[in-house]
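# predicted model, plus sequence, below.
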Amino acid sequence: MVIIKKYFISKGITKMEIDEFFSREVKKAGYAGVNIRKTAIGTRITLYVERPGLVIGRHATTIRELAQKLETIFKIENPQIAVTPITIPELNAKIMASRIASALERGIHFRRAAFAALNQIMRAGAKGAEITIRGKLTSERARYEKYRAGLLIKAGTPYKMFIDEAVTHVLLKPGLYGIKVRILQPTYSPEDLIFKPLKALIQVE
């Protein structure tokens, strides 16, 4: 049992390190996440990005370099990288958190960056969103501000099903800022959660 537990912990840490690696390496491409799956001929790595062309590179040079780095740094045998575009980037929490971080790096005021991102998310069709920014916002003392629009679920099964959440950090002159984005996806419907189980029960009876 202990050996199995250590295996899964080690596997989780490796995935987290690979996620951080891609967050740095393909940041400009609008990195949204990674899926790693072992196959009979190697390891299939699927990258979810906003701009696939920046990951692939001219004549696929960039994607080959990424594969070589994975082999060298993480000892992954025969990594096969596939790139999947994000259809609506504004509904992806990781991409929106990165956009806010980039805006802060360019000197845009944190409130302006947060409200701009919030408007983009809601215009894309989200049912609700929340953006939290932590750091030395207006003084030497660290604090946080939250910006909300629409509906938001805080816990339970609906939270796991319909909330996309991401956290990123950006180092500025005043110090380290934390940015958390939560997005309630357009697929959420309170009526469905209430009435679908009842319909199923009626059909069974």
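Cool, the structure landed. Residues are numbered from 1 along each chain as shown.

# which residues touch the residue nearest the centre of the chain?
By C-alpha atoms, centre = their mean, the mean C-alpha position of the chain lies nearest to Lys94, the distance being 2.8 Å. Residues near Lys94 by C-beta atoms under 8 Å, 6 or more residues apart in numbering: 31-33, 166, 168, 181. For every residue, glycine as well, the C-beta is placed using N, CA and C.

# who wins on neighbours among the residues you listed?
Val181 (27 neighbours; other C-beta atoms under 10 Å).

# does Tyr31 touch Leu54 like I think?
No - Tyr31 is beyond contact range of Leu54, at 9.9 Å (criterion: C-beta atoms under 8 Å).

# ok, the contacts of Lys94 vs Ala60, which is closest?
Here the nearest of the contacts of Lys94 to Ala60, counting by C-beta to C-beta, is Tyr31; it sits at 18.2 Å.

# got the domain ranges for this structure?
Per automatic domain parsing, the structural domains of the chain span 2-85, 89-190.

# check contacts around Lys15.
34, 36 are the contacts of Lys15 under C-beta under 8 Å, 6+ apart.

# now swap in Gly175 and tell me
So Gly175 contacts 135-136, 142 (C-beta under 8 Å, 6+ apart).

# what bridges to Arg182?
Glu130, Glu165 (DSSP bridges).

# okay then, goodbye and thanks.
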